[in-house]
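K.L.:
With the sequence up front, the predicted model follows.
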Amino acid sequence: MGVDYYNVLKVRRDAGDEDLKKAYKRLAMKWHPDKNLVNHKEAEAKFKLVSEAYDVLSDPQRRQIYDLYGEEALKGAYDVTPPPPARSASSVGSRPDSSSFRYNSRDPDEFFADLFGDRLSRDRLFGEKRHNSGIERAEKSMEAGGSKKPPPVESKLTCSLEELYKGARKKMRISRIVPDEFGNPKTVQETLKIDILPGWKKGTKITFPEKGNQEPGAIPPDLTFVVDEKPHPVFKREGNDLLVVQTLSLLEALTGKTHSITTLDGRVIDLHGTDIVRPGSEVVIPNEGMPNSKDPTTKGDLRVSFNIKFPLRLSENQRSHLTMALEGAEC
């Protein structure tokens, strides 16, 4: 028979229209590519298959042809005549005469939009701030009358500033409880891969659908990792700008000194000090800050501020020489 559409939707073979619709909505929301940025390719394939299964089984004519002859008949492996509305004992196992009937699967995104309609538009479902968007409202709406999906389980994902600057891949080993075939709890382990993109900020959320603990007969919650930024010994982040403080002695502030700053990707930037540095002054180096997560080719600025260390005391000789050296200097 090829693909088992009933198994794809996790429904019985005698499932009615409402059962099919609930199953499709739950799985379409779970596997929509816009909700699965981490495992995008896998989600895209599963979303397409779920849409195809519902498109076939929700149409009485296509469903009867599929039940009799399987997926090949629908997709043109051979011609069939649409069967009569009711199946009789004599019709089972016999092939109808050829005709021009053909099934062409619809675009999954178009099919998804048609079913959800304007009330749950794509923008509301998959906006940039997904955790505050229409996803939660849509899931609650589609699960009304059935098992409600628990709220996501959140876990902290600590990243260094270097990882958020350059990007990285993290592997998270998780253990969760799921019911076995008899409904008894069992522990399963899984490794989740998370691709940290350059420029991600503290608070960014990465969601793995239905990876939380599952109660028998209930929908498991999503597992959400929330990015947390580890403090850095040199740099402080402010939006997409990086801030660094350079400490100078009073002599260095007055006479100048070359300072070297090692960037988060290992490059060295030299600051040639020739002018007098005043307390509170700042040097801005464009495009040396954090990458913009939406466009990693652009970056914020590197802002260097200066802390001037004044001497605690001066000897009479030092005072005399300092007075002579600075007498008449412009202020």
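P.N.:
Cool, got the structure. Residues are numbered from 1 along each chain as shown.
K.L.:
what are the ranges of the strands in this structure?
P.N.:
Taking DSSP state E as the criterion, the chain carries its strands at 153-159, 168-179, 185-196, 205-208, 223-229, 236-238, 241-249, 258-262, 268-272, 282-285, 291-292, 295-299, 302-309.
K.L.:
Show me this protein divided up by domain.
P.N.:
1-149, 151-231, 237-326 (automatic domain parsing).
K.L.:
Between its first and last residues, how far does the shortest one reach?
P.N.:
What that stands for is domain 151-231. The first residue of domain 151-231 is 30 Å away from its last residue (CA to CA, to the nearest Å).
K.L.:
Need the mean per-residue confidence for that domain.
P.N.:
Taken as a whole, domain 151-231 carries a mean pLDDT of 92.
K.L.:
now the last one
P.N.:
For domain 237-326, the mean per-residue pLDDT is 89.
K.L.:
Dump the domains of the chain into JSON lines; add mean neighbour count as well.
P.N.:
Where C-beta positions appear, they are placed from N, C-alpha and C, glycine not excepted. As requested, the domains of the chain are arranged in JSON lines below (neighbours: other CB atoms under 10 Å):
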{"stretch": "domain 1-149", "mean neighbour count": "15"}
{"stretch": "domain 151-231", "mean neighbour count": "15"}
{"stretch": "domain 237-326", "mean neighbour count": "14"}
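K.L.:
of the strands of the chain, which approaches residue 63 most closely?
P.N.:
Residue 63 lies closest to strand 168-179 among the strands of the chain, at 30.1 Å (CB to CB).
K.L.:
neighbouring contacts of that closest one?
P.N.:
Residues lying outside strand 168-179 but in contact with it, judged by CB atoms under 8 Å, 6 or more residues apart in numbering, are 157, 159, 185-196, 211-216, 220, 223, 225.
K.L.:
Excluding chain neighbours, what is closest to residue 241?
P.N.:
In space, not counting the residues next to it along the chain, residue 241 is nearest to residue 300; the distance is 4.2 Å by CB to CB, 6 or more residues apart in numbering.
K.L.:
residues contacting that neighbour?
P.N.:
Shown in contact with residue 300 (CB under 8 Å, 6+ apart): 239-242, 287, 289-290, 292.
K.L.:
between those, which is closest to residue 46?
P.N.:
residue 292 (31.1 Å).
K.L.:
Might you report the residue contacts of the closest residue to residue 11 other than its chain neighbours?
P.N.:
If you skip the residues right next to it in sequence, residue 11 has residue 23 as its closest partner in space, 5.0 Å away by CB to CB, 6+ apart. Residue 23 makes contact with 9-11, 15, 54 under the criterion CB under 8 Å, 6+ apart.
K.L.:
Next one: residue 23, what pLDDT does it get?
P.N.:
Per-residue pLDDT puts residue 23 at 90.
K.L.:
ditto for residue 116
P.N.:
You'll see residue 116 listed with a pLDDT of 60.
K.L.:
and the residue nearest to residue 241, what are its phi and psi?
P.N.:
phi -80, psi -160 (degrees, to the nearest 10).
K.L.:
For residue 289, see how far away it is.
P.N.:
3 Å (CB to CB, to the nearest Å).
K.L.:
shared neighbours of the two, which are they?
P.N.:
Here residue 300 and residue 289 have 240-242 as joint contacts, going by CB under 8 Å, 6+ apart.
K.L.:
would a markdown table of the residues you listed with distance to residue 271 be doable?
P.N.:
Output for the shared contacts of residue 300 and residue 289, formatted as a markdown table (distance: CB to CB, whole Å):
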| residue | distance to residue 271 |
| --- | --- |
| 240 | 21 |
| 241 | 17 |
| 242 | 14 |
